[in-house]
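Got a sequence here, can you build the structure:
(2 chains)
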Protein chains: 2
Amino acid sequence: MFEVVHYSKKSRARVGRLHTAHGIIDTPTFVPVATNASIKAVDSTHINEVGVQLLFCNTYHLLLHPGPEVVAAAGGLHNFMGRTAPLITDSGGFQVFSLAYGSVFDELKSKGLKKQNGSIIKVSEEGVRFRSYRDGALVLLTPESTVQVQKALASDIIIPLDELPPYHIDKRVLRASLERTHRWEKRSLDEHLKNPQRQIMYAVVHGGVDPELRARSAQYLGLLPFDGFAIGGSLGKTREEMVSMLSVLMPQLLPERPVHLLGIGDLSSLESCVPLGIDSFDSSYPTKCARHGILLSSEGPINITRSQWKNVHTPISDAPLCSHYSAAYLHHLFKAHESVAHTLVSLHNIHFMNNLMAQYRQLIMEDRV
Amino acid sequence: MFEVVHYSKKSRARVGRLHTAHGIIDTPTFVPVATNASIKAVDSTHINEVGVQLLFCNTYHLLLHPGPEVVAAAGGLHNFMGRTAPLITDSGGFQVFSLAYGSVFDELKSKGLKKQNGSIIKVSEEGVRFRSYRDGALVLLTPESTVQVQKALASDIIIPLDELPPYHIDKRVLRASLERTHRWEKRSLDEHLKNPQRQIMYAVVHGGVDPELRARSAQYLGLLPFDGFAIGGSLGKTREEMVSMLSVLMPQLLPERPVHLLGIGDLSSLESCVPLGIDSFDSSYPTKCARHGILLSSEGPINITRSQWKNVHTPISDAPLCSHYSAAYLHHLFKAHESVAHTLVSLHNIHFMNNLMAQYRQLIMEDRV
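Residues are numbered from 1 along each chain as shown, chains lettered A, B, ... in the order given. Got it, this is the predicted structure:
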């Protein structure tokens, strides 16, 4: 299911091939985010054209709209959104908790003083009860129900329910949260294994920035027949803290299982984390950048909205679609607030990420990373 | 330049072929609007794919951004926006006046009480001085300067400067406005003929809802070597008033010149005006509809945001790109506020308009319209 093609002699980096029901994923890989079963401003046809081996959709959003029964009636998320290549979905838990706590960044700024905004009604052993941001309806998400939803979505890689504890947390409380997360993940796995179909499930490794709890999580989850690991929970206040934590954690994960880093995909983090052996990264960073007029490039980010591009009448991109247009036209589209600008630059940035990961794979093959 | 292929035996409708520097336009035709050198949410590649023989861009907007010097440096609007087929641009006058007076609809609601909002500084024999809506800069638009701008844009069909008088206007004032418009159009034509390049120029017929003034305008402009007519100014309060005015006006226009109806392209108006001999219609109606989730169809408009489409897992469109997706997915994209929805439904509606006009041409060939 996951084959390692080459281990770098220089680092823990590795080149792999992940076999899923909808095709093969070359790792390490970057995974764009299509929250509502659509990358913002880009349709699936163009995602296929630019080539995206793995795409991330959010169960939380799809649970609330259109609902799993609609996607199931369509024959699964691939059919629903017109995609033939692999998909990964999360459990929905992350959004429930992060919408309640605010983002990690917001929380760090508020020094732990931020209170829940009330969208979570109750967290119990059973699961988490919350109000839909769409219509205020009460929703219960359990370790079993998230798997049932992800079965309806029929994504290739699915994720068990976990609790996202806040960064500012007492160790005793963090330990209790971790234990419950482990019980939840086991229940999700049991539910999945009743009817695996052709899906695979990644455990979510927790423990915040506590090395002991991370080690405990790695060990416990490694004993269960998960197909891979996703690294969740708080990764620290800074990139250094994240890299330091991952440097300790990664050697404790079973090497034969693929490892996904949840929600991280900026260029510096990739540079730090590929050598640690992370196999996949999801992030909305390249598409969010695109909507602000930032083109990623090997010479650093390019802000196409700056006036220096107003009169540059040559293409600035070699990406599908985007390469048809000059820098001056892209500049104009942003200045004129035309949403096509988002389409074109999103394709550029996804194309850039694809090339970047292909370069990483090549460098690993040559033991240069 | 304009050849009539067939005159209907049933009405004044006709099938024609308009030859321009960038290709042939089959008439009657529908002309989508790409105000800022982009149809909203649709890139030029897809416009080419769906097939649009003539596209309308707004000189007013392009004058203010990116400016004619940028478009000229790109080698003209075709190069700038990546289009190979014909383009038509207006003079910019319509937007200057309509942004000052408000739309005809707003003005009708206000019964002529609405005052200028101040964006026009001065209308004189020289031209019109206004403030840019972008940065407040003072701009002077003259009969000559609009032609120079449209030469820089290098569109295939260009329009002379005219004054857009308000609907509520005294006949004496309307007559004075018409006389000045005629003088302005003559000056624009003279400027154009100094260096025609391969552009053609349509006169704008004015006179509001006054048959005598419309006749006068048709006669005066027919004496000048314009390549076609555009019908501008107030067309009345209702479709009936418009049809009644056009029924009187159309037989007074030289039959060998093509006739464009400015800013009108809803389905009922097409049904009324194709038999009067109008050859082209521009309107943002199909793309505006699209952004509100309205798909045009031969059985009437379809509101894809209605819940009846939530579970319809078959395509609803035979248009490029849009045909890849189910009605349920389009419904979901609108509900999730994903801008790709606008892209897909805009392509559907443009495709629908293309087919509709092809049907009209066929019916005219068979003398059934």
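
so where's the stretch 51-200 of chain A shaky on pLDDT?
In the predicted model, the stretch 51-200 of chain A carries pLDDT under 70 at residues A:101-118.

Can you tell me which residues in it are near chain B?
Residues of the stretch 51-200 of chain A lying close to chain B (Cβ under 8 Å from any Cβ of the partner chain) are A:61, A:65-66, A:70, A:73-75, A:79-82. All C-beta atoms are positioned from the backbone trio N, CA, C, and that covers glycine.

From these, list just the buried residues.
A:61, A:65-66, A:70, A:73-74, A:79-82 (16 or more other Cβ atoms under 10 Å in any protein chain shown).

Let me see the contact set for the residue of chain A most remote from its centre.
No residue in chain A sits farther from the centre than A:Asn311, which is 37.2 Å out by Cα atoms, centre = their mean. The contact partners of A:Asn311, by Cβ atoms under 8 Å, 6 or more residues apart in numbering or on different chains, come to A:328, B:70, B:73.

Kindly report the same for A:Glu144.
Neighbours of A:Glu144 in contact, by Cβ under 8 Å, 6+ apart: A:187-188, A:191.

Export those residues to JSON lines and append columns for secondary structure and neighbour count.
Shown next, in JSON lines, are the contacts of A:Glu144 (DSSP: H, G, I helix; E, B strand; the rest coil; neighbours: other Cβ atoms under 10 Å in any protein chain shown):
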{"residue": "A:Arg187", "secondary structure": "helix", "neighbour count": "19"}
{"residue": "A:Ser188", "secondary structure": "helix", "neighbour count": "28"}
{"residue": "A:Glu191", "secondary structure": "helix", "neighbour count": "21"}
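
does A:Ser298 count as helix, strand or coil?
coil (DSSP: H, G, I helix; E, B strand; the rest coil).

so who does it touch?
By Cβ under 8 Å, 6+ apart, A:Ser298 has no neighbours at all.

go on, A:Phe130?
Residues near A:Phe130 by Cβ under 8 Å, 6+ apart: A:96, A:100, A:119-121, A:138-139, A:141.

Relative to A:Ile39, how far out is A:Leu193?
Using Cβ to Cβ, to the nearest Å, we find A:Leu193 at a distance of 32 Å from A:Ile39.

neighbour-wise, which of those two wins?
A:Ile39 (30 against 12; other Cβ atoms under 10 Å in any protein chain shown).

hang on, the more buried one packs against A:Ser346?
Yes: using Cβ atoms under 8 Å, A:Ile39 is in contact with A:Ser346, at 6.5 Å.

Dump the residues of the stretch 51-200 of chain A next to chain B into JSON lines; add secondary structure as well.
JSON lines is the format used below for these (three-state DSSP):
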{"residue": "A:His61", "secondary structure": "helix"}
{"residue": "A:His65", "secondary structure": "coil"}
{"residue": "A:Pro66", "secondary structure": "coil"}
{"residue": "A:Val70", "secondary structure": "helix"}
{"residue": "A:Ala73", "secondary structure": "helix"}
{"residue": "A:Ala74", "secondary structure": "coil"}
{"residue": "A:Gly75", "secondary structure": "coil"}
{"residue": "A:Asn79", "secondary structure": "helix"}
{"residue": "A:Phe80", "secondary structure": "helix"}
{"residue": "A:Met81", "secondary structure": "helix"}
{"residue": "A:Gly82", "secondary structure": "coil"}
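
picking that back up, need the overlap of contacts for A:Ile39 and A:Ser346.
By Cβ under 8 Å, 6+ apart, the residues touching both A:Ile39 and A:Ser346 are A:Thr287.

Distance to A:Val243 added to the residues of the stretch 51-200 of chain A next to chain B, as CSV?
Below are those laid out as CSV (distance: Cβ to Cβ, whole Å):
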residue, distance to A:Val243
A:His61, 30
A:His65, 37
A:Pro66, 39
A:Val70, 41
A:Ala73, 44
A:Ala74, 41
A:Gly75, 42
A:Asn79, 40
A:Phe80, 38
A:Met81, 35
A:Gly82, 38
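
do the longest helix along chain A and chain B meet?
Secondary structure of chain A per DSSP state H: the longest helix is helix A:340-365. Yes: under the criterion of Cβ under 8 Å from any Cβ, helix A:340-365 makes contact with chain B via A:340, A:342-344.

Closest one of those residues to chain B?
A:Val340 (4.9 Å; Cβ to the nearest Cβ).

The closest one and B:Asn58, how far apart?
16 Å.

quick one, which of the two is more surrounded?
Under the criterion of other Cβ under 10 Å, the comparison of A:Val340 against B:Asn58 puts A:Val340 first, with 27 against 19.
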